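1. return atomic coordinates for the entry below.
(chains A, B, C and D)
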Number of protein chains: 2
Amino acid sequence: METKPDFRSLCQQSGLALTHQRQVIFDALANMHHPSPDEVYAKVKQLIPSISHATVYKTLHTFVEHGILRELSPHHGTLRVDMGTEPHHHLICTGCKKVIDVESDELGPVKFLGKLPKGFQVERVAVEIQGLCEQCARRKK
Amino acid sequence: METKPDFRSLCQQSGLALTHQRQVIFDALANMHHPSPDEVYAKVKQLIPSISHATVYKTLHTFVEHGILRELSPHHGTLRVDMGTEPHHHLICTGCKKVIDVESDELGPVKFLGKLPKGFQVERVAVEIQGLCEQCARRKK
DNA sequence: AAGACTTTGATAATTGTTATCAGCTAATAT
DNA sequence: ATATTAGCTGATAACAATTATCAAAGTCTT
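-> Next up is the predicted model:
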């Protein structure tokens, strides 16, 4: 057992009960790249056949809340569109998902130094400044 | 009529029929910030009470396909999580929504020069390089 | 080991989105 | 202008993702 002590202390720090389900989900996540809840469910089900979708969802949210996981990109629950008039970036509250525009010139240029996968055609570079707005920050206190 | 000639030529360029619904949706979008399909629906319904959800969805997708609109952030349809081990950024195919990791050091530093809204606490700055992967680029040709 | 509190799993309910298809509309050719 | 054709719309049903509910079971103190 190498990872178990780690997760145990993570739970203690966060005041979470250390359950078998959470442990297995945590371990599964370590080997997955950008899984959706359903992908996590499928993987964990191999080890805990009785696991429920609800448990996976709840666990993922709990982990995100306690900083054990991050959302790849704030999940608004719905599609959001934007009339592409002027290029701009976004400030997003991870609590309430509110979006605030940031002018392009308020941001230094973003330089990509690495190499792209073969054939990848860049359309645009979007910068998301993620954090908590005033109200959500207060609420979390 | 100021905006109508604009939209008419946009449609012509894209080979789209100029319909009343599309015109009204287009106009509505000009005054909305990061609307969800449902918010667009609500606004357009005031002018076209018979409009259907399906039409709004189809129109938004059509607009995105033809570059008239952009998705705020690629909508994977599901939540995606990420074990926050090392900070890194993402390359996202807007076609198939595939996500590829980009090491943090392949990207020059991102500097924010403007001022944040009062009380906003930044948690992290995420850079999304959006574009088309090789397969999707080929398919679109 | 007992009690208090948290978590789980089953299920139903919601919400967001897409498919289908008949009837209507816009673009083009006449 | 009118007819033809291809494309678009609206209603509805189907589907997918997520959340709510709540009794049973597990975890963490003491």
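2. every contact and neighbour count from this point should use C-alpha atoms.
-> Noted.
3. which residue packs closest to the residue nearest the centre of chain A, ignoring adjacent ones?
-> What sits nearest the mean C-alpha location of chain A, by C-alpha atoms, centre = their mean, is residue A:71, with 0.9 Å. Spatial nearest neighbour of residue A:71, excluding adjacent residues (C-alpha to C-alpha, 6 or more residues apart in numbering or on different chains): residue B:81 at 4.5 Å.
4. number of residues surrounding the one you found?
-> Using other C-alpha atoms under 10 Å in any protein chain shown, the number of residues around residue B:81 comes to 25.
5. would you agree it is in contact with residue A:39?
-> No - counting by C-alpha atoms under 8 Å, residue A:39 is not a contact partner of residue B:81; they are 10.7 Å apart.
6. ok so, going back, pLDDT score for the residue nearest to residue A:71?
-> Looking at residue B:81, its pLDDT stands at 96.
7. about what we covered before: how close does the residue nearest to the centre of chain A get to DNA strand D?
-> Counting by C-alpha to the nearest atom of the strand, to the nearest Å, the gap from residue A:71 to DNA strand D is 11 Å.
8. give the contact list for that residue.
-> Each residue near residue A:71 by C-alpha atoms under 8 Å, 6 or more residues apart in numbering or on different chains is listed here: A:64, B:79, B:80, B:81, B:82.
9. so residue A:58 is in which element?
-> Per DSSP states H and E: residue A:58 is located in helix A:53-65.
10. direction included, what does the next helix-or-strand element following that helix pair against?
-> Downstream of helix A:53-65, the next assigned helix or strand under DSSP H and E is strand A:69-71. Sheet pairing here is set by DSSP bridges, and for strand A:69-71 it gives strand B:81-83 (antiparallel).
11. please name every helix or strand in contact with the longest strand seen in chain A.
-> In chain A, taking DSSP state E as the definition, the longest strand is strand A:121-132. Counting contacts by 3 or more C-alpha pairs under 8 Å, 6 or more residues apart in numbering or on different chains; DSSP states H and E, strand A:121-132 packs against strand A:88-93, strand B:121-132.
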